[in-house]
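Chemist: Sequence and predicted model, in that order:
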Amino acid sequence: MATPDTKAQSKLDLQVRKLAAMTYGESSAKNNLDEMYALASVLERQRIARGFPDISTFSSKDKSFSFVASDGNPRYRKFMCANDFEIAHNTGMQFAIEAALNAMNGGSDFSNQAFF
């Protein structure tokens with residue numbers, strides 16, 4: 001069985017994958033795009049505010065903010081272990097990628113500038 005660290009090669013940038021997986025893991029099973037946009041924005045804002053250079057460093061050094069990266073969250077793990085085909089055929093994962101890219105590029109913020 002693949003683990004988040006041994007997933008198949010992916011065309012998805014590691015930082016986008018990580019933020020999308022965290023967003024997917026933090027979000028509800030309803031896969032609501034607005035919720036994911038808000039979550040990704042909060043995670044990215046916290047990363048910047050705490051001075052981390054990227055989301056991977058943030059999630060590995062500060063495990064207290066987004067527990068999904070370290071607590072065995074099944075949605076986070078599912079995303080991190082998914083291959084490109086599985087991601088492309090999962091609407092929730094696609095929404096999480098869209099939300100991550102939006103947050104990383106300073107797009108629409110459905111959290112209204114929230115930090116938590």
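Modeler: Sure thing, it's come through. Please read all numbers here as calculations on a predicted model, not as lab measurements. Numbers count the residues shown, from 1 in each chain.

Chemist: Leaving out the residues flanking it, which one is nearest to Glu86?
Modeler: When the adjacent residues along the chain are set aside, Glu86 lies closest to Met93, with 7.6 Å between them (Cβ to Cβ, 6 or more residues apart in numbering). (C-beta placed from N, C-alpha, C; glycine too.)

Chemist: The one you found: what secondary structure?
Modeler: For Met93, the assignment made with DSSP: H, G, I helix; E, B strand; the rest coil gives helix.

Chemist: Any idea how many residues pack against it?
Modeler: Other residues within reach of Met93, judged by other Cβ atoms under 10 Å, total 23.

Chemist: That one and Leu101: what is the separation?
Modeler: From Met93 across to Leu101, the span is 13 Å (Cβ to Cβ, to the nearest Å).

Chemist: again, but for Asn31
Modeler: Separation of Asn31 from Leu101 (Cβ to Cβ): 16 Å.

Chemist: just Arg75 next, same as before
Modeler: Applying Cβ to Cβ, the value for Arg75 to Leu101 is 19 Å.
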